[in-house]
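**Student:** 3D model of this:
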Amino acid sequence: MSVGKLALGLAVGGAGALLFRIRPREPVFEVICINLKGLKLRVSTESLLPLAVIDLEVIISIKVTNPNVAPIEYKSTVMDIYYRGSLLGQAQVPAGSQGANSSEILEVPAKMDGLEATQHLKDLAKDVAKREMTIRAVVTIEGSAWMWKWGHRFAVRVDSEIKVDPILLDVIEQENKVHLEL
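**Tutor:** Model (predicted):
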């Protein structure tokens, strides 16, 4: 084998290894905890009988890991939170940035509508009794990954199913499905 062919083979192999190393990878999301920030008692007059409902304000702590060799910047967005198929509340995810190969904790404020929860009062009572309820959170985060001076746009859709203790608001179990679009 000639030295030229060997050098060419090494160059192609090295380029392939480099491209494999810098390929875009999906970020990792994990809900660490949910903390109660406040309760708001209000009277709903949307039905014939006035109904007292309690709205919740919570802080959702989310660990985000960027496994890429490039730092990212992302736009603000809204996370939708569902219970039994009904939109229970929303969380405002602020715009931000994150370094390459790093993890950080996002503190995301969310408001839960007590009136929406009353649609599933029977199921909610069962979930409170067994101290386990399943909520679903869906968010699409758009942003750019920066390599040198070039920004590459991306969109990450995160669909999370989270089992929570409805009394202590402890996260029991979660499954996060992440889909990266370039």
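
**Student:** Could you list the low-pLDDT ranges of this structure?
**Tutor:** Counting by pLDDT under 70, the chain contains low-confidence ranges at 1, 7-24.

**Student:** do that again at 80, thanks
**Tutor:** Counting by pLDDT under 80, the chain contains low-confidence residues at 1, 3-26, 46-48, 146-151, 182.

**Student:** Mind jotting down where the strands sit in it?
**Tutor:** With DSSP state E as the definition, the chain shows strands at residue ranges 28-44, 51-66, 72-74, 77-83, 86-93, 96-98, 102-112, 133-147, 150-164, 171-181.

**Student:** Could you list the residues in contact with the last one?
**Tutor:** Read it as strand 171-181. Residues from elsewhere that reach strand 171-181, judged by C-beta atoms under 8 Å, 6 or more residues apart in numbering: 24-34, 132, 154-165. The C-beta positions use only the backbone N, C-alpha and C, and glycine is treated the same way.

**Student:** Mind doing that once more with 6 Å?
**Tutor:** 26, 29, 31, 155-164 (C-beta atoms under 6 Å, 6 or more residues apart in numbering).

**Student:** Could you turn the buried ones of these into a ChimeraX selection?
**Tutor:** Buried members of the contacts of strand 171-181, identified by 16 or more other C-beta atoms under 10 Å, are gathered into one ChimeraX selection as follows:
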select :29,31,156,158,160,162,164
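
**Student:** any chance of the contacts of strand 171-181 in JSON lines, plus distance to Trp148?
**Tutor:** Putting those into JSON lines (distance: C-beta to C-beta, whole Å) gives the following:
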{"residue": "Glu26", "distance to Trp148": "22"}
{"residue": "Phe29", "distance to Trp148": "27"}
{"residue": "Val31", "distance to Trp148": "34"}
{"residue": "Ala155", "distance to Trp148": "22"}
{"residue": "Val156", "distance to Trp148": "22"}
{"residue": "Arg157", "distance to Trp148": "27"}
{"residue": "Val158", "distance to Trp148": "28"}
{"residue": "Asp159", "distance to Trp148": "32"}
{"residue": "Ser160", "distance to Trp148": "33"}
{"residue": "Glu161", "distance to Trp148": "38"}
{"residue": "Ile162", "distance to Trp148": "38"}
{"residue": "Lys163", "distance to Trp148": "43"}
{"residue": "Val164", "distance to Trp148": "42"}
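
**Student:** Could you count how many residues lie near Asp123?
**Tutor:** Burial of Asp123 is recorded as 13 neighbouring residues (other C-beta atoms under 10 Å).
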